[in-house]
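1. With the input below, show me the fold.
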Amino acid sequence: MARVPAAVTATVHRIRNGVRTVPRSLTRRHRPPRTLTAVDLDPQPRPWTRALGLLCVVLLGAWLGLLVVGNVRVPVGPMNTTMTLRPSLTGGTKINVSPLGALELRSHEAPIRLDVDVDQLDPVRSQALVDHPERLSGLQDEVARDVEHGTLDVAVRSCIAVVSGATALGLAVYRRPRRALAAGGLALTLLAASGATAFATWNPNSVLEPKFSGLLSSAPSLVGNARSIVSEFDVYQKELARLVTNVTKLYDVTSTLPAYEPDPTTIRVLHVSDIHLNPASWKIVASLVKQYSINVIVDSGDTMDHGTAAENGFLDPVADLGAPYVWVRGNHDSRVTQRYLERMKNVHVLDDGRAVTVAGVRFAGIGDPQFTPDRSVEPGGGAAEELAGARLASALRDQRAAGTPVDVAVAHEPSAARETDGDVPLALSGHLHHEEMEVMKYGTRLRVEGSTGGSGLRAVEGKYPDPIEASVLYLDRDTRRLQAWDEIELGGLGLTTAEVSRHLPKENQPGATPTPTPSRTPSPSAP
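-> Numbering: from 1, shown residues only. Presented below is the predicted three-dimensional model:
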């Protein structure tokens, strides 16, 4: 009998005992050579790569969910609105009032933004208000309740939309229920974290500084006058209701924009600068004077470009702007320019510290000591400007000693205006062609105006045309202190954009302590 190989005997023994393994010797000898596949060649994805992919799926799915089912139609008083949560890098609240424009509020800092679209007036509810005007007194409370319910509804629906969108996309990409549920859970976690961030950074007083765009930029009366803002705008929900109420009246009464409602307790100063021979500026200034019921215009210089006598005719519209004109000489304005303005009615030229009272406000100013029409715009002035500022500060102290303290100091160069720190509550300047506002060391607030002429002929030197900038300063009629200001920016040459943003000094925020009188002696309580 032939001898059976030991390997075969061992194999039979294993099969009888229920073991199906094959000896390595037979495996090596009889197994065909293995062909390498793409899986063998490609390395397995790293954990951070899988996590990044999951995060992308979650974000995309959440965004798609919000687009599909994240909006809520909410009746707010007599208006139909749509509320939506949107992904955003800056957060905040945006109220779209079609076709008038939009209003933005920095209500919170979080990667989500609340959009409120005012769609239309409901004719039935609007007619009910017309038939029963006594209901207007309770309209604000009704709108507040509607806004509260709508915000809660959009929050709940957004949670459902985010989780559903992320889960559905996760299932479509991974085809595994466990990974899809993980995507939904991560989406809910991210939304909860965003909501917590929004709650932690919630600023109910954001309506104090709204930013308008579109046609709304010329209708600041929608949010009331400066005094009502200071005293009444203290709760976000309440004032959002006030806004919607006023927009309701705007829609109901007329299709044209209303004029600004003047506040008898406020003096309105229009600050312009650096017109640089732009004829369009006069129409803009005249429009602002009418729209805001301006009491006095302050021009901080560089009205001309080269200061020649041939340019003097450009100044003739000043007499018909509708408000007194206070002016100081800039480095592009010559003495010839100054003498021409001094002969015009309703124009008050400030120089050498001369003080004058206009519209209840006492102004003092000094012209730029240098006539350099070819000098480029530079952030800092030279020794001559600082010396001129020191002369102006000395004149301010003399006025205060005489019992006629100055309320506003005006100089073209910011370096000259800085020398008045501690001697006057408010100093105005220009020259830089962009807007700035700061409180200096000894308490004087410095306002640097942008170019109301859009930099004149220099507007086309850069990649984009310079904007046309001006500001409306609201002064208390009793104290002549700054209560609020509106920054107005219009698109430059060839552009049609418009923005208005309202600002309040910190000392005028609700609950803030009053600011002490500016003094050369620094105080710990000074802002």
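
2. show me where pLDDT drops low in the stretch 51-200 of the chain?
-> Counting by pLDDT under 70, the stretch 51-200 of the chain contains low-confidence ranges at 70, 78, 97-101, 119-123, 125-141, 143-144.

3. what packs against the helix ranked longest in the chain?
-> Across the chain, the longest stretch assigned as helix under DSSP state H is helix 139-174. For helix 139-174, the packing partners by 3 or more Cβ pairs under 8 Å, 6 or more residues apart in numbering; DSSP states H and E come out as helix 47-69, strand 71-76, strand 79-87, helix 177-200, helix 236-253. All C-beta spots, glycine's among them, are computed from the backbone N, C-alpha and C.

4. ok, and for that helix, which residues are buried?
-> By 16 or more other Cβ atoms under 10 Å, the buried positions in helix 139-174 come out as 139-140, 143-144, 146-147, 150-151, 154, 157-159, 161-171, 173-174.

5. With stretch 390-407 instead?
-> Using 16+ other Cβ under 10 Å as the burial criterion, the residues of stretch 390-407 that qualify are 391, 392, 393, 395, 396, 397, 399, 405, 406, 407.

6. ditto for stretch 290-302
-> For stretch 290-302, burial by neighbour count (16+ other Cβ under 10 Å) applies to 291, 292, 293, 294, 295, 296, 297, 298, 299, 300, 301, 302.

7. Please tell me how far the third one sits from residue 489.
-> From residue 293 over to residue 489 the distance is 21 Å, taken as Cβ to Cβ, to the nearest Å.

8. next one: the first one
-> The gap separating residue 291 from residue 489 is 15 Å, by Cβ to Cβ.

9. looking at this protein, which helix or strand is least sure?
-> Ranked by mean pLDDT, DSSP states H and E, the weakest helix or strand in the chain is helix 226-232, scoring a mean of 40.

10. picking up where we left off before, what's the angle between the longest helix of the chain and strand 71-76?
-> Angle, helix 139-174 to strand 71-76, by axes from the mean of the first three to the mean of the last three Cα atoms, to 10 degrees: 170 degrees.

11. Okay, angle between helix 139-174 and strand 79-87 too, please.
-> Helix 139-174 and strand 79-87 are oriented at 40 degrees to each other (the same axes, to 10 degrees).

12. Which of the helices and strands packed on helix 139-174 sits closest to residue 472?
-> helix 236-253 (18.8 Å; Cβ to Cβ).

13. What's the first helix or strand after that closest one?
-> Sequence order places strand 266-272 as the next helix or strand after helix 236-253, per DSSP states H and E.

14. Could I get the buried residue list for that following strand?
-> Applying a neighbour-count criterion of 16+ other Cβ under 10 Å, one finds 266, 267, 268, 269, 270, 271, 272 buried in strand 266-272.

15. What average pLDDT does stretch 324-343 get?
-> Average pLDDT, stretch 324-343: 95.

16. So for it, first residue to last residue, what's the gap.
-> Distance across stretch 324-343, first residue to last, is 14 Å (Cα to Cα, to the nearest Å).

17. one step back: can you tell me which of the buried residues of stretch 290-302 end up in helices?
-> Among the buried residues of stretch 290-302, DSSP H puts 291, 292 in helices.

18. Now the two most distant members of the buried residues of stretch 290-302.
-> Between any two of the buried residues of stretch 290-302 (Cβ to Cβ), the greatest distance is 26.6 Å, for 293 and 302.

19. separation between the nearest residue to residue 371 once chain neighbours are set aside and residue 152?
-> Once flanking residues are discounted, residue 371 sits nearest to residue 334: 5.5 Å by Cβ to Cβ, 6 or more residues apart in numbering. For residue 334, the distance to residue 152 (Cβ to Cβ) stands at 65 Å.

20. can you check residue 165 too?
-> 21 Å.

21. for residue 504, same thing?
-> Noted for residue 504: a distance of 30 Å to residue 152, by Cβ to Cβ.

22. CSV for the helices and strands packed on helix 139-174, including mean neighbour count?
-> Output for the helices and strands packed on helix 139-174, formatted as CSV (neighbours: other Cβ atoms under 10 Å):
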stretch, mean neighbour count
helix 47-69, 16
strand 71-76, 18
strand 79-87, 19
helix 177-200, 17
helix 236-253, 19
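
23. Need the ones you listed in TSV (columns: distance to residue 329).
-> Shown next, in TSV, are these (distance: least, Cβ to Cβ, whole Å):
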stretch	distance to residue 329
helix 47-69	56
strand 71-76	53
strand 79-87	50
helix 177-200	50
helix 236-253	42
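
24. May I see the domains of this structure written out as residue ranges?
-> 47-222, 266-508 (automatic domain parsing).

25. Tabulate those domains in a markdown table, adding columns for distance to residue 518.
-> Formatted as a markdown table, these follow (distance: least, Cβ to Cβ, whole Å):
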| stretch | distance to residue 518 |
| --- | --- |
| domain 47-222 | 23 |
| domain 266-508 | 4 |
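
26. For the strand or helix carrying residue 356, C-alpha coordinates in CSV please.
-> Assigned by DSSP H and E, residue 356 belongs to strand 355-358. C-alpha atoms of strand 355-358 as CSV (Å, rounded to 0.1, in the frame of the first residue of the first chain):
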residue,chain,number,x,y,z
ALA,A,355,-16.7,132.9,17.2
VAL,A,356,-20.3,133.3,16.0
THR,A,357,-23.7,132.1,17.2
VAL,A,358,-25.8,130.5,14.5
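
27. in its sheet, what does that strand sit against?
-> Sheet pairing of strand 355-358 (DSSP bridges) gives strand 361-366 (antiparallel).

28. between the partner strand and strand 266-272, how big is the angle?
-> 20 degrees.

29. Which one, of the helices and strands packed on helix 139-174, ends up nearest to residue 102?
-> Closest of those to residue 102 is helix 236-253, at 11.8 Å (criterion: Cβ to Cβ).

30. what residue ranges in the stretch 301-450 of the chain score low on pLDDT?
-> In the stretch 301-450 of the chain, residues with pLDDT under 70: 374-381.

31. now the helices for it?
-> For the stretch 301-450 of the chain, the helices defined by DSSP state H, counting those that start in this stretch occupy 335-342, 383-401, 414-418.

32. now those helices in JSON lines, with distance to residue 200?
-> Output for these, formatted as JSON lines (distance: least, Cβ to Cβ, whole Å):
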{"stretch": "helix 335-342", "distance to residue 200": "54"}
{"stretch": "helix 383-401", "distance to residue 200": "44"}
{"stretch": "helix 414-418", "distance to residue 200": "37"}
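
33. got the contact list for residue 344?
-> Taking Cβ atoms under 8 Å, 6 or more residues apart in numbering as the criterion, residue 344 is in contact with 315, 318, 319, 325.
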